[in-house]
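1. Make a model of this:
(2 chains)
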Amino acid sequence: MSSPYILLKDLTLAYGDMVAVPKLNFSCDKGELIALLGPSGCGKTTTMRSIAGLLAPQSGQIYIDGKDVTNVPANKREIGLMFQSYALFPHLSGFENVAFGLRIKKLPEAEIVEKTNKGLDTVGLLHLANRKPSEMSGGQQQRLALARSMVMEPKVLLLDEPLSNLDARLRLEMRAELQRVQRETGITMIFVTHDQSEALALADRIVLMKDGLIEQIGTPDELYNKPTSVFAADFLGFENIFEVSNNVIIGDAGKMSLDFKSESGHLAWRPSGVKIGQGKYKAVVKSVAFAGERREYVLDAEIGVIMADVSAQKKSYKIGESLAFDLPKSEAHFIEQAS
Amino acid sequence: MTEKWTSRLILGLTLIFLIGPFLIIIIAGLSAGQSLAFPPDGISLKWYLKVFEIESFRDSFILSMALAIFGTLIALALGVPAAYALNRYEIPYAETIKTIVAAPIIVPGIIVGLALLRYLVLPIGLTVTLALFFAHTALVLPYAVRVVSSSMTNLRSDMEEAAVLLGCTRLSAFFKVVLPNIKGGVLAAFILGFVTSFNQVPVSLFLSGPGVRTLPIDMLAYMEITYDPSVAALSALLAFLSVGIVFLAEKFLGFSRYV
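-> Got it, this is the predicted structure:
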């Protein structure tokens, strides 16, 4: 087993007296695509900034490719960062933006031109080389920022919310673009996102963070299907999570007995796992929203609010109507964690 | 209809009030007579030509130019880093510092001049030229900080971080990324500082000494002895110079954005 490509060891990050990330430990292999996922304020951006060298850790070490880079300044660390705002240089043309780092390196002019043109070509912007960033669309600006980082051949490429500023169609394009760049160059990428669907779609492995701590690490499959904590389940779309004790569901509003046996802990159902129209439980429709192929119901049940999401082909219910529903065993996900 | 004519009347009166004195000076300088008067006694260009023959005007013009150019350059050398620091870092008492920096434009010039004379020039025997130079730098500094600050507020700090990650040091990131993006503001500050310094009267009045006078002070002194139209002619020429500079600045820089 070879040593990990990136290793964060007991990394503690703080702003003044406020500790944002206490004793983080994490490692990944070369060529992996890692997502740092979590709500805002969970420390994911802070962690990314410290890997880049923009934030000095209070304690702990950062190793990249076997070397301790904790005290290596950001401009010598050879790490690329694609900022959420892209942080392009507005006074320079597309070409000069991409050539910027190569010029700092003082490469021969011919090499700068060759590498820059190749970089622009890779992201499909060669024809816009003379345009200023302000004359480009959001998607083009982002690809320019990607090219600017990639021509430096960084050891690691960090991306801050790479898809969140784009509209739905561009998001799909950019996602494909990032996957292609990663596949072609084999570069190690770490991206930060608050959007679980982005992380699931793009990452090889997801690091779910909460309050500066790692909540769970796993493949998208593992996180989606087997969240190990209430927080992880909630963040990954299990919107109905209830404490269970002695085969009784204990909700905010009241209790309900389960019709199957369960250990004590928590049980979680996705909205799509809730069956309505039949079953042993009763509820009143609090609200309903039509979402094209599906209808999203908010139900008022004995145990509290239930979110249900059913095919729009099925019988629809109006607000105030009472209905029967079921929380089937086959759709239930058990979480050992007690409250 | 009456409303439209009322607003036109107000506009006309305002323009007369603002531009009228300027026109009177231009016309008074065109006089063919011997003393400053309006309306002038006949028309000639002789006073406009005479201005260039008066030696003390030439000396004081050079001094005023030098003070305006170098005073403003030094004020910018101090003001740009100050504006940067005030914008970028959470400096304790930043508001207080901004107020102190602005003090020379809030405190009346007479007081600044007197204070500099009484506590700087007289006790340590500073030469008149050097005292003028310090005073003009101090007077221009507030404009430098303010104008450069306003051009910096929209500049995001992640641009500098991007430059650093591409290999720049913090310092070279400033020169390669920050400065090119605020150069309009810096030029605007330079022009504003130049004009402020060049037209400065009250502070210079206290600090001017024998043989060392800025142009406005020299004109004042000249008028006390010789009441001829050359001063009007010179004023008109200076006004054209200022208007020309500001016009060019507006045309090429969009000056009014920064001030």
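2. do the one helix or strand B:Phe57 maps to and chain A meet?
-> Assigned by DSSP states H and E, B:Phe57 belongs to helix B:55-88. No. Using Cβ under 8 Å from any Cβ of the partner chain, helix B:55-88 stays clear of chain A, coming no nearer than 13.9 Å. (C-beta placed from N, C-alpha, C; glycine too.)
3. roughly how far is that helix from the heart of the chain?
-> Distance, stretch centre to chain centre, for helix B:55-88: 9 Å (Cα atoms, centre = their mean, to the nearest Å).
4. Pull out the buried residues from that helix.
-> Buried residues in helix B:55-88, defined by neighbour count with 16 or more other Cβ atoms under 10 Å in any protein chain shown: B:57, B:60-61, B:63-64, B:67-68, B:71-76, B:78-80, B:82-84, B:86-87.
5. Mind listing residues that contact stretch A:28-36?
-> A:2, A:4-6, A:44, A:47-48, A:65, A:179, A:182, A:186-193, A:198-199, A:202-207, A:209 (Cβ atoms under 8 Å, 6 or more residues apart in numbering or on different chains).
6. Any idea which residue of chain A lies closest to chain B?
-> A:Gly101 (3.4 Å; Cβ to the nearest Cβ).
7. burial count for the closest residue to that residue other than its chain neighbours?
-> Spatial nearest neighbour of A:Gly101, chain neighbours left out: B:Leu166 (3.4 Å); criterion: Cβ to Cβ, 6 or more residues apart in numbering or on different chains. With neighbours defined by other Cβ atoms under 10 Å in any protein chain shown, the count for B:Leu166 comes to 28.
8. Count the residues that sit near B:Pro216.
-> For B:Pro216, using other Cβ under 10 Å, the count is 21.
9. what's the helix or strand hosting it packed up against?
-> Per DSSP H and E, B:Pro216 falls inside helix B:215-225. Packing contacts for helix B:215-225, counted by 3 or more Cβ pairs under 8 Å, 6 or more residues apart in numbering or on different chains; DSSP states H and E, involve helix B:55-88, helix B:202-207, helix B:230-253.
10. Does the last one reach chain A?
-> Yep, that's helix B:230-253 we're talking about. No. On the criterion Cβ under 8 Å from any Cβ, helix B:230-253 is out of touch with chain A, staying 14.5 Å away.
11. Where is the longest helix in chain A?
-> Longest helix in chain A by number of residues, with DSSP state H as the criterion: helix A:168-185.
12. Which residues does it contact?
-> A:31, A:33, A:122-123, A:138-139, A:142-143, A:146, A:150, A:159, A:162-163, A:166, A:187, A:189, A:198, A:201-202.
13. so what's the residue nearest to A:Gly101 up against?
-> A:Asn75, A:Phe100, A:Gly101, A:Ile104, A:Arg148, A:Met152.
14. which residue sits closest to the fifth one in space, ignoring its chain neighbours?
-> Among residues not flanking A:Arg148 along the chain, A:Val98 sits closest, at 4.9 Å (Cβ to Cβ, 6+ apart).
15. Please look at the one you found and A:Ser149 and confirm they touch.
-> No. Using Cβ atoms under 8 Å, A:Val98 is not in contact with A:Ser149, being 9.3 Å away.
16. Which of these two has more residues huddled nearby?
-> Neighbour tally, A:Val98 and A:Ser149, criterion other Cβ under 10 Å: the higher count belongs to A:Val98, 31 against 26.
17. Got the phi and psi for the more buried one?
-> The phi/psi pair for A:Val98 (degrees, to the nearest 10) reads phi -70, psi -40.
18. Okay, and the beta partners of the nearest residue to A:Ala253 once chain neighbours are set aside?
-> If the residues on either side of it in the chain are set aside, A:Ala253 comes closest to A:Gly304, at 4.2 Å by Cβ to Cβ, 6+ apart. Applying DSSP bridges to A:Gly304 gives these bridge partners: A:Ala301.
19. Who are the contact partners of A:Gly304?
-> A:Phe242, A:Gly251, A:Asp252, A:Ala253, A:Gly254 are the contacts of A:Gly304 under Cβ under 8 Å, 6+ apart.
20. Which of those residues fall within strands?
-> Under the assignment DSSP state E, these contribute A:Phe242 to strands.
21. looking at the contacts of A:Gly304, which has the most residues close by?
-> Neighbour max across the contacts of A:Gly304 (other Cβ under 10 Å) = A:Phe242, 22 neighbours.
22. tell me the SS of the residue nearest to that residue when sequence neighbours are not counted?
-> Residue nearest to A:Phe242 in three dimensions, not counting chain neighbours: A:Ile249, with 4.6 Å by Cβ to Cβ, 6+ apart. Secondary structure state of A:Ile249, per DSSP: H, G, I helix; E, B strand; the rest coil, is strand.
23. ok, A:Ile249 - how many residues close by?
-> Counted with other Cβ under 10 Å, A:Ile249 comes out at 23.
24. who touches it in this structure?
-> A:Phe242, A:Glu243, A:Lys255, A:Met256, A:Ser257, A:Leu258, A:Leu267, A:Ile303, A:Leu327.
25. what does the lowest-mean-pLDDT helix or strand in chain A rub up against?
-> Every helix and strand of chain A was ranked by mean pLDDT, DSSP states H and E. The lowest is strand A:255-257, at a mean of 85. Under the criterion Cβ under 8 Å, 6+ apart, residues A:Asn247, A:Val248, A:Ile249, A:Tyr281, A:Ala301, A:Glu302, A:Ile303 lie in contact with strand A:255-257.
26. Report the two of the residues you listed separated the most.
-> A:Asn247 and A:Ala301 (17.3 Å; Cβ to Cβ).
27. Neighbour count: those two, which is higher?
-> In this view A:Asn247 and A:Ala301 are compared by other Cβ under 10 Å, and A:Ala301 has more residues nearby, 22 against 13.
28. residue in the stretch 101-250 of chain B nearest to chain A?
-> Nearest to chain A in the stretch 101-250 of chain B, going by Cβ to the nearest Cβ, is B:Leu166, at a distance of 3.4 Å.
29. Distance of that residue relative to A:Gln140?
-> B:Leu166 sits 19 Å away from A:Gln140, going by Cβ to Cβ, to the nearest Å.
30. and A:Pro73, what is it in contact with?
-> Contacts of A:Pro73 (Cβ under 8 Å, 6+ apart): A:Gly53.
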